[in-house]
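*Asks:* Make a model of this:
(2 chains)
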Amino acid sequence: QQQVKQSPQSLIVQKGGISIINCAYENTAFDYFPWYQQFPGKGPALLIAIRPDVSEKKEGRFTISFNKSAKQFSLHIMDSQPGDSATYFCAASKDSRGAGSYQLTFGKGTKLSVIP
Amino acid sequence: NAGVTQTPKFRILKIGQSMTLQCTQDMNHNYMYWYRQDPGMGLKLIYYSVGAGITDKGEVPNGYNVSRSTTEDFPLRLELAAPSQTSVYFCASSLGLESPTEQFFGPGTRLTVL
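*Replies:* Down below sits the predicted model:
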């Protein structure tokens, strides 16, 4: 059972355009939603994260939009640059400190290519 | 700070061989994790630890073992390697306080089992 579904699998965007990656989750106990960025040959690195008490979070050109009722969240990259070309993973975690370790459930990833 | 370091970077194993993937963090993080990443499949949690001496299974633990004798180190042991264990393995750590915090990932170990 895939608990976090991510789309699209790949995305090609022109430089200066907007990149949009979508994720949907099933478990209503999830309450922490990070996005990770991974460059080839590197480990993933946290890009931005949101909790369900807000509907949007913006950090520079990166914005997370969160729709709790629809159980969906998305990453928007404004003014996309060739340096943004990477694989992006959405993830979700439960506040389960008593039961575990805030295990992250990852989406399958989106490979973004920004062409000049 | 070096962050999370992993050794080796690459390894080729024959079926049935065993090996240990090393992971060390110098951030004094409580929580540590091992993931495997297969093409198009995201990252799957193998094992995790919430502190020295405490480990637990993740989503895909079969064929692996871990130990955590110190805060800094969290080695992953593969016994009787199988082709299905060909993957890229990532170790991660997080502070682990009262709520989820950022997980910091190492550079990964690419393992091929032939």
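
*Asks:* What residues sit buried inside stretch A:77-90?
*Replies:* Residues of stretch A:77-90 classed as buried: A:77, A:80, A:84, A:85, A:86, A:87, A:88, A:89, A:90 (neighbour count, 16 or more other CB atoms under 10 Å in any protein chain shown). Backbone N, C-alpha and C define where each C-beta goes, glycine included.

*Asks:* how far out from the middle of the chain is the helix or strand where residue B:111 lies?
*Replies:* Here residue B:111 sits within strand B:109-113, counting by DSSP states H and E. Here strand B:109-113 is found 13 Å from its chain centre; the criterion is CA atoms, centre = their mean, to the nearest Å.

*Asks:* What of stretch B:48-55?
*Replies:* 12 Å.

*Asks:* C-alpha coordinates for it, PDB please?
*Replies:* Provided in PDB are the C-alpha atoms of stretch B:48-55 (Å, rounded to 0.1, in the frame of the first residue of the first chain):
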ATOM      1  CA  TYR B  48      16.100   2.900  12.600                       C
ATOM      2  CA  SER B  49      17.400   3.700  16.100                       C
ATOM      3  CA  VAL B  50      16.200   6.200  18.600                       C
ATOM      4  CA  GLY B  51      19.300   6.000  20.700                       C
ATOM      5  CA  ALA B  52      22.300   3.800  21.700                       C
ATOM      6  CA  GLY B  53      21.200   0.300  22.300                       C
ATOM      7  CA  ILE B  54      17.800   0.700  20.800                       C
ATOM      8  CA  THR B  55      16.900  -0.400  17.300                       C
END
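
*Asks:* Do you know the pLDDT at residue A:32?
*Replies:* At residue A:32, the predicted lDDT confidence score is 88.

*Asks:* ok, is stretch A:69-88 in contact with chain B or not?
*Replies:* No. Interface with chain B: stretch A:69-88 contributes nothing (CB under 8 Å from any CB of the partner chain), its closest point being 9.7 Å away.

*Asks:* tell me the average confidence for that stretch?
*Replies:* Mean predicted confidence for stretch A:69-88 is 97.

*Asks:* shouldn't residue B:102 be in contact with residue A:34?
*Replies:* Yes. Counting by CB atoms under 8 Å, residue B:102 does reach residue A:34; the two are 7.5 Å apart.

*Asks:* Which neighbouring elements make contact with the strand holding residue B:111?
*Replies:* Packed against strand B:109-113, as judged by 3 or more CB pairs under 8 Å, 6 or more residues apart in numbering or on different chains; DSSP states H and E, are the following elements: strand B:10-13, strand B:19-25, strand B:87-94.

*Asks:* I'd like those as TSV, with mean neighbour count, mean pLDDT and distance to chain A appended.
*Replies:* Below are these laid out as TSV (neighbours: other CB atoms under 10 Å in any protein chain shown; pLDDT from 0 to 100; distance: least, CB to the nearest CB, whole Å):
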stretch	mean neighbour count	mean pLDDT	distance to chain A
strand B:10-13	14	97	11
strand B:19-25	20	98	11
strand B:87-94	24	96	5
